[in-house]
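Colleague: here you go, sequence then predicted model.
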Amino acid sequence: MKYNGFFLFFILQIKNRFKSHNISAFSAQIAYFFLLSFFPFLIFLIAVLSYFSVSFDGAIDILAKVVPNEVTILIKDYVRALMPTRSINVLSVSFFATIWAASRGVDAFIVSLNNSYEIKEGRNFLFKKLLAMIYTILVALSICLALVIPNMGMDFLLWVSKYIEITYYFIKVWYYIRWIIIISILILVLGSLYYIAPNKKMKLIEIIPGTLFATFGWIIISIGFSFFVNNFKNFTIVYGSLAAVIVLMIWLYLSAIILMLGGEINSICSLYKKYIN
């Protein structure tokens, strides 16, 4: 009965909060600013991957596992057009454009997290802006790591073998460990965001439910949306040449909803704990 009570309480809370906390509107706002930062971020990403001697095509192959084909084709075409004109000035501008646009999205996310706990933002503007920019940089670096680590195959193992003995068993295990590392990075980044971003002091255990939901929920929704777009829906018929951008926008929108629901879940679990006590 206790679990049934929690399930009913949870469903009713999510249903009511989705409308009252404007989750759809905030998700659209976050997706818009992330879309503005997406292409400048690609320029920055190229520079980072080239520094680590990682193939951009290899990174795209990793990304293709969770995003629709239209998005990967859009990225490849954009990168091919960009490569001949790449310069330090362009990279510098792209970095600051990425930070500015994406931080606006993080700002909206912070507001949504405060809404989930129904608290007001009492921190000053500069602190909040600095927090948004720090997390923007942190997320950008995390994405870079997530694309670099899966490409750390035999070349990486040969480099490691100079310092420690590499066995055949270690090589087989490494191909699984690197995916665990990526998920762990995602959990740490999202967990720290749910912990610090709201204007509320919390215990670490309070952010675990929403963090796990957001991490695995984002993976599932991305793979599911990718499967749907690739197999059941031809967006080109409706949107023509804009199809890839529309698909990218929808994916960012769905991702934002998952992230916001993670914050709501943390709040609901905290509220339910007080309710039964």
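Modeller: Cool, the structure landed.
Colleague: when you work out contacts or count neighbours from here on, use the C-alpha atoms and nothing else.
Modeller: OK.
Colleague: and the helix or strand V106 falls within, what does it pack onto?
Modeller: In the assignment (DSSP states H and E), V106 maps to helix 88-116. Where contact means 3 or more CA pairs under 8 Å, 6 or more residues apart in numbering; DSSP states H and E, helix 88-116 is packed against helix 23-51, helix 125-148, helix 243-276.
Colleague: give me that answer again for 6 Å
Modeller: Where contact means 3 or more CA pairs under 6 Å, 6 or more residues apart in numbering; DSSP states H and E, helix 88-116 is packed against helix 23-51, helix 125-148.
Colleague: residues contacting N266?
Modeller: 207, 210 (CA atoms under 6 Å, 6 or more residues apart in numbering).
Colleague: lowest-confidence helix or strand of the chain?
Modeller: Counting by mean pLDDT, DSSP states H and E, the chain has its least confident helix or strand at helix 154-160, which shows a mean of 61.
Colleague: okay if I get the helices and strands packed on helix 88-116 as CSV plus mean neighbour count?
Modeller: Putting the helices and strands packed on helix 88-116 into CSV (neighbours: other CA atoms under 10 Å) gives the following:
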stretch, mean neighbour count
helix 23-51, 19
helix 125-148, 17
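Colleague: now render the ones you listed as TSV, adding distance to Y169 and mean pLDDT.
Modeller: TSV is the format used below for the helices and strands packed on helix 88-116 (distance: least, CA to CA, whole Å; pLDDT from 0 to 100):
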stretch	distance to Y169	mean pLDDT
helix 23-51	28	80
helix 125-148	22	77
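Colleague: could those be laid out in CSV, adding distance to L242?
Modeller: Listed next are the helices and strands packed on helix 88-116 as CSV, based on distance: least, CA to CA, whole Å:
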stretch, distance to L242
helix 23-51, 14
helix 125-148, 25
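Colleague: list just the one of those that sits closest to Y117.
Modeller: Nearest of the helices and strands packed on helix 88-116 to Y117, taken as CA to CA: helix 23-51 at 13.2 Å.
Colleague: who are the packing partners of the closest one?
Modeller: Packed against helix 23-51 by the contact rule (3+ CA pairs under 6 Å, 6+ apart) you find helix 88-116, helix 243-276.
Colleague: specify the angle between whichever helix or strand comes after that helix and helix 23-51 in degrees.
Modeller: Scanning forward in sequence from helix 23-51 by DSSP H and E, the next helix or strand is helix 56-63. Here helix 56-63 runs at an angle of 150 degrees relative to helix 23-51 (axes from the mean of the first three to the mean of the last three CA atoms, to 10 degrees).
Colleague: elements contacting helix 56-63?
Modeller: Using 3+ CA pairs under 6 Å, 6+ apart as the contact test, no helix or strand touches helix 56-63.
Colleague: next SSE after it?
Modeller: Per DSSP H and E, helix 56-63 leads on to helix 69-82 as the next helix or strand towards the C-terminus.
Colleague: now that next one: mean pLDDT?
Modeller: Here helix 69-82 scores 76 as its mean pLDDT.
Colleague: how far does that helix sit from its chain's centre?
Modeller: A distance of 19 Å separates the centroid of the chain from that of helix 69-82, by CA atoms, centre = their mean, to the nearest Å.
Colleague: other SSEs contacting that helix?
Modeller: helix 243-276.
Colleague: could you give the mean pLDDT of the helix it packs on?
Modeller: Mean predicted lDDT for helix 243-276 stands at 85.
Colleague: tell me the buried residues in it?
Modeller: Buried positions in helix 243-276, judged by neighbour count with 16 or more other CA atoms under 10 Å: 243-244, 246-249, 251-269.
Colleague: following the helix or strand hosting W179, which helix or strand comes up?
Modeller: Assigned by DSSP H and E, W179 belongs to helix 168-196. Using DSSP H and E, the next helix or strand after helix 168-196 towards the C-terminus is helix 208-231.
Colleague: which residues touch that following helix?
Modeller: Outside helix 208-231, the residues within contact range by CA under 6 Å, 6+ apart are 66-68, 191, 258-259, 262-263, 265-266.
Colleague: farthest pair within those?
Modeller: P68 and N266, at 29.6 Å, using CA to CA across these.
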